[in-house]
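Participant: need coordinates for the below:
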Amino acid sequence: MLEILLNLMGKVALLVALGYILAKRGFLTERFQKDLTSFMMQVALPANVLTTASNPFSPDLSQNLLLTVGIAVVYYAAAFAFTFFVRRFLPLDEKGRAMFTLMAVFANTAFLGFPLITELLGQEGLLYAVIFNMVWLVFFFTIGISMVSGQRQIRLKSILSMPVSLASLAAVVLYVSPFRFPVFVQDTLSTLGAMVVPISMLLIGCSLVPIRPVEILKDPWSYFVSALRLAVFPLAVLAVLYLIPGVPPLVALVCSIMCCLPSASLSVVFAQEYGCAPEYASRAVVQGMLLMIITIPLFITLAVTVFPL
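Facilitator: Predicted coordinates:
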């Protein structure tokens, strides 16, 4: 497992560096990056999710899926409770505190989590990640959006309008049904899904080009978000799952890895939409993406030591 992890992180580092170089030299223009992002989010990522429907139905696997839902619900409830308590002591205005909570609680689970899980833990691991992300969507578009908008609203339409959400629902329905895709369809989905890792890592490299390190690294409250997202929350999840007897190692690894990722980039989109501390959100998200290069390999190494497969 350690060798697989080292190979994976080496590949990720090279792809991120390549994306940075290509964008810096003008080969990957901003327009092309936007189109590439749209392709990944609307085609490649949903295709990757749909490949999980090929997992054969089994009572044990179904029980693990329900366990993953339970872990995700408890995590988000606990993370919200903790950040609501802590933010009272931060020297931020109300909008800054709302954005702090959103960024501390919600990780970049689809864009970063799905590729990592796929490479490291395979299709069954990705199926658990898809289920975990469905809980993410429910919490984000209910409590999360209500908090940053200042309104009590449930954006069910936003959840259902996302291709990843629809693919996730379809994958679950297909998994519990007797229907399976024909081989040529499954192969096509696998081919499209295989594009997720290289495209996402190239885009991360591209996003680093306009960054001014001094501005990003001098914000102490962005560091606080990064500390919670990249260290405190994932270590707490790992410790709790270790203390609970009978948690399958694969489920524990997936849930832990989904909690060790930097803040969701979608936070910046809604910060801009509602005028809720967008500069703070941008700094924290980018800072987390820089720090994850160090923290994610360290955490995954620890996780696979605690929960060996």
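
Participant: any chance of the backbone angles for L261?
Facilitator: The phi and psi values for L261, taken as degrees, to the nearest 10, are phi -90, psi 160.

Participant: wait, what's in contact with the residue lying closest to it once chain neighbours are set aside?
Facilitator: Sequence neighbours aside, A107 is the residue nearest to L261 in space, at 3.9 Å (criterion: CB to CB, 6 or more residues apart in numbering). All C-beta spots, glycine's among them, are computed from the backbone N, C-alpha and C. The contact partners of A107, by CB atoms under 8 Å, 6 or more residues apart in numbering, come to 113, 136, 229, 258-264.

Participant: give me that answer again for 10 Å
Facilitator: 79, 113, 133, 136, 229-230, 233-234, 257-264, 288, 292 (CB atoms under 10 Å, 6 or more residues apart in numbering).

Participant: buried only: go through the residues you listed for me.
Facilitator: The neighbour count (16 or more other CB atoms under 10 Å) marks 79, 113, 133, 136, 229-230, 233-234, 257-264, 288, 292 as buried among these.

Participant: that older thread, what about the contacts of A107, which are in helices?
Facilitator: Cross-referencing these against helices under DSSP state H gives 79, 133, 136, 233-234, 257-258, 288, 292.

Participant: nearest residue to the middle of this structure?
Facilitator: Centroid-nearest residue in the chain, with CA atoms, centre = their mean: T109, separated by 1.2 Å.

Participant: next SSE downstream of the lowest-mean-pLDDT helix or strand in the chain?
Facilitator: Comparing helices and strands within the chain by mean pLDDT, DSSP states H and E singles out helix 156-161 as the least confident, with a mean of 66. Downstream of helix 156-161, the first helix or strand assigned by DSSP states H and E is helix 163-176.

Participant: so which elements touch that following helix?
Facilitator: In terms of contacts (3 or more CB pairs under 10 Å, 6 or more residues apart in numbering; DSSP states H and E), helix 163-176 is packed against helix 45-50, helix 59-86, helix 114-139, helix 156-161.

Participant: that older thread, how much space between the residue nearest to L261 and S263?
Facilitator: As judged by CB to CB, to the nearest Å, A107 and S263 stand 7 Å apart.

Participant: overlap in contacts, these two.
Facilitator: Joint contacts of A107 and S263 (CB under 10 Å, 6+ apart) are 229-230, 288, 292.

Participant: which residue, other than its chain neighbours, is closest to V225?
Facilitator: In space, and not counting its chain neighbours, V225 is closest to A284: 4.5 Å by CB to CB, 6+ apart.

Participant: centre of the chain to the helix or strand hosting the one you found, how far?
Facilitator: Assigned by DSSP H and E, A284 falls within helix 278-306. For helix 278-306, the distance from its own C-alpha centre to the chain's C-alpha centre is 11 Å (CA atoms, centre = their mean, to the nearest Å).

Participant: what is the mean pLDDT for that helix?
Facilitator: Across helix 278-306, the average pLDDT comes to 86.

Participant: before we move on, the earlier item: show me what contacts the residue nearest to the centre of the chain?
Facilitator: By CB under 10 Å, 6+ apart, the neighbours of T109 are 72, 116-117, 129-130, 132-133, 135-137, 140, 164, 257-259, 261, 264.
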